[in-house]
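[1] For reference, the sequence and a predicted model appear below.
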Amino acid sequence: MLRESSTGASLSELSWLVGTWNFGGEEGEATLKFAPIQNKTFMSSSFELKTKAQTVTGFQIIGVDPETRGLKSWSFEGDGTIGSAMWGRTEKGWIAKSTATNSDGDVIVGTITLIPVDANTFEWKITERMIGDEKLPDVGPIKVTRKE
């Protein structure tokens, strides 16, 4: 007998993110908030990043993509940038392969990595960043801590 089964990640595996998180340093500071929504079918996140030059805000919805059966996020930023990412497990945490289009129509790609350290800390970084044909520097790893 042949049976198909889903081996993709489930949204419940990201439940450790629920809550409010902060990080900061010389370059700026950010607040991230994660919460289950729609009977825990999706997770929402919002963020605010403040640097000396600007403040960036946005929100994200994470859920199981019915087409691929994998975890996917849809992101919307205050400047009009819209993107999506496919999420997957790694040995140590999670990666999200992200593609977005900014308000100027430029395509932005990157790989976001989340590595849980303990119940109140994770590391965040973004690599393989490009805007159009231009390679951008990696960011992080940044230590993110749960707000009490």
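    Good, I have the coordinates. Quick caveat: nothing in here was measured; it's all calculated off a predicted structure.
[2] drop to CA atoms for contacts and neighbour counts, all remaining ones
    Fine.
[3] Just say helix, strand or coil for residue 9.
    Using DSSP: H, G, I helix; E, B strand; the rest coil as the criterion, the local structure at residue 9 reads coil.
[4] ditto for the one 4 residues further on
    Assigned by three-state DSSP, the conformation of residue 13 is helix.
[5] number of nearby residues for it?
    Applying other CA atoms under 10 Å, we find 9 other residues in the vicinity of residue 13.
[6] where do the strands sit along the protein?
    Listed from the start of the chain, the chain has strands (DSSP state E) covering 19-24, 28-37, 42-51, 55-64, 71-77, 82-89, 94-101, 107-118, 121-131, 134-135, 139-146.
[7] How about residues contacting the fifth one?
    Outside strand 71-77, the residues within contact range by CA atoms under 8 Å, 6 or more residues apart in numbering are 8-11, 56-65, 81-88.
[8] what does the longest one give?
    Outside strand 107-118, the residues that touch it by CA under 8 Å, 6+ apart are 92-102, 122-132.
[9] which regions of this protein sit below the pLDDT cut-off?
    When residues are selected by pLDDT under 70, those of the chain lie in 1-8.
[10] Could you rerun that using 90?
    Filtered on pLDDT under 90, the chain yields the residue ranges 1-10, 24-28, 52, 140, 148.
[11] Reformat the strands of the chain as a markdown table; add mean neighbour count.
    Conversion of the strands of the chain to a markdown table gives the following (neighbours: other CA atoms under 10 Å):
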| stretch | mean neighbour count |
| --- | --- |
| strand 19-24 | 17 |
| strand 28-37 | 18 |
| strand 42-51 | 18 |
| strand 55-64 | 18 |
| strand 71-77 | 20 |
| strand 82-89 | 19 |
| strand 94-101 | 19 |
| strand 107-118 | 19 |
| strand 121-131 | 18 |
| strand 134-135 | 11 |
| strand 139-146 | 16 |
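[12] Next up, the contacts around residue 142.
    If you count contacts by CA under 8 Å, 6+ apart, residue 142 has them with 23, 123, 124, 125.
[13] ok, now residue 58?
    By CA under 8 Å, 6+ apart, residue 58 lies in contact with 46, 47, 48, 75, 76, 77, 78.
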